[in-house]
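Colleague: Have a look at this prediction, sequence included:
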Amino acid sequence: MRIDEIKKYQISNRQLFFIIINICVGTGILSLPRTISKVSRQDSWLSIIIGGFLWMIAIFIMYKLAKRFPNDTIIQYNDKILGSYLGKILSLIFIIYGVLTTAIITRLFITVLTTFVLPKTPIWITTAILLLTSYNLVSHGLKTLARLYEFLFFILSPAFLLILPIFTRAELLNFQPFLGTGFMNIIEGSYITMFSYIGPEIILLIFPFIKEKNKALKSSTLGLGVVTLTYLFIVTASIGFYGVETLQFISWPTINLLKAVRIPFFGRLEFVFMFIWIAIAFTTISSYFFMSSYGLTQLLHWEDQRYAAFILLPFIAEVAIIPKNILQVFDYTSLIATIGVLLFFTTPLLLLIIAKLRGIKGER
């Protein structure tokens, strides 16, 4: 990769920390308490911890692979490791995954928005506005994304403190019996939580742009640690307040949780949280839009990422409006998340093994 291109997109490890948090904490946070408690029930908090730990292992493997090719993205070293033909196929799969993920997160975002904020607005209008805004942000490059994420973190983080009063009304009996769900259900639940952790794979694409690469593992792991604590906080509050059985009948437990909180002078907190969540979900959409458009730019050896982003825009919009109802949205989300987990828990390890066996390294 050209030195001038690296300098143009260069980010700090501090910004990497915020990128990991923003790309992971997205639309899934609204339904996570319901989906995980369906399987792990009162032991869901254990599944959250295990899922986070497994993703930390995945981050370690991705870091070792990326560090072996410090000035290349996954699109570039796929060819070096697998050869031009297989390498380009894998890169195309990576890009398609990015497009599908951008689309389904967009649709989840629109579904929540039309349910709680804009019930009479046609889906295609909100989809167009959202994607055009995201396109504008992505067109300014990685540095702009990183700066925005850093700013939003400090503005939005205090919002989660709004849930704290719920713990005064939580029932400890809702977490008993300890380990009563059974080991296999806890493990199955941890697999489900791994969908909500999807996002750290962005390291494979942005590693060349990190200033101090030796600290990238620490920054990304700490970022995922914050995500794990956030999920633990939300899920524990939801189970403690509602109980496992009630949660199964609530589509968006996190929003409903805030309806039960009353703070003087704040009014209805769920609407306050909704506007905060809109900003969080928007960063997740923009991150995946960046991944897919920048990946396509490198695959086709284009100079300007904006062309790739513009070409992908109608495809993302078209896929986003395919689901006909909320059940289909959940089904498509589960399918794409499963693909993501399988793809990024196997591919980086296989690439690393092949690279070591063949003695292939990138330029330093």
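Modeller: Thanks, I have the structure now.
Colleague: burial of the nearest residue to residue 274 once chain neighbours are set aside, as a residue count?
Modeller: Take residue 274 and drop its neighbours on the chain: the residue closest to it by C-beta to C-beta, 6 or more residues apart in numbering is residue 116, 5.7 Å away. (C-beta placed from N, C-alpha, C; glycine too.) Residues lying near residue 116 (other C-beta atoms under 10 Å) number 16.
Colleague: hang on, isn't residue 116 packed against residue 254?
Modeller: No. In this structure, residue 116 is not within contact of residue 254 by C-beta atoms under 8 Å, at 11.6 Å.
Colleague: Out of the helices and strands in this structure, which is least certain?
Modeller: helix 3-9 (a mean of 61; mean pLDDT, DSSP states H and E).
Colleague: who's in contact with residue 248?
Modeller: 34, 37, 38 (C-beta atoms under 8 Å, 6 or more residues apart in numbering).
Colleague: Quick one, grab the pLDDT at it.
Modeller: Here the pLDDT value assigned to residue 248 is 83.
Colleague: What distance do you get for it to residue 35?
Modeller: 10 Å (C-beta to C-beta, to the nearest Å).
Colleague: now do residue 62
Modeller: Separation of residue 62 from residue 35 (C-beta to C-beta): 25 Å.
Colleague: same question, residue 212
Modeller: 37 Å.
Colleague: of the two, who's got more company?
Modeller: Higher neighbour count among residue 212 and residue 35: residue 35, with 23 against 12, using other C-beta under 10 Å.
Colleague: What helix or strand is the more buried one located in?
Modeller: Assigned by DSSP states H and E, residue 35 belongs to helix 32-40.
Colleague: which strands and helices sit next to that helix?
Modeller: Applying 3 or more C-beta pairs under 8 Å, 6 or more residues apart in numbering; DSSP states H and E, we find helix 32-40 packed against helix 44-68, helix 183-196, helix 216-242, helix 244-247, helix 253-259.
Colleague: so residue 173 sits in a strand?
Modeller: No. Assignment of residue 173 by DSSP: H, G, I helix; E, B strand; the rest coil gives helix, placing it outside any strand.
Colleague: tell me, how many neighbours does residue 139 end up with?
Modeller: Per other C-beta under 10 Å, the neighbour tally for residue 139 reads 17.
Colleague: err, residue 187, not the other one
Modeller: 15.
Colleague: Verify the contact between it and residue 50 for me.
Modeller: Yes. Look at residue 187 against residue 50 with C-beta under 8 Å: they come within range, at 7.2 Å.
Colleague: Show me which parts of the helix holding residue 35 are buried, residue by residue.
Modeller: 32, 33, 34, 35, 36, 37, 39, 40 (16 or more other C-beta atoms under 10 Å).
Colleague: Among those, find me the one that's closest to residue 67.
Modeller: Ranking the buried residues of helix 32-40 by separation from residue 67, with C-beta to C-beta as the measure, puts residue 32 on top at 31.5 Å.
Colleague: show me what contacts that closest one?
Modeller: Residue 32 is in contact with 193, 196, 231, 234, 235, 253, 254, counting by C-beta under 8 Å, 6+ apart.
Colleague: can you do 7 Å?
Modeller: Residue 32 makes contact with 196, 231, 234, 235, according to C-beta atoms under 7 Å, 6 or more residues apart in numbering.
Colleague: Was I right to think residue 46 contacts residue 187?
Modeller: No. Counting by C-beta atoms under 7 Å, residue 46 stays clear of residue 187, with 9.5 Å between them.
Colleague: Would you map the helices across the stretch 201-350 of the chain?
Modeller: For the stretch 201-350 of the chain, helices defined by DSSP state H, counting those that start in this stretch occupy the ranges 203-206, 216-242, 244-247, 253-259, 269-299, 305-320, 326-358.
Colleague: Thank you, goodbye.
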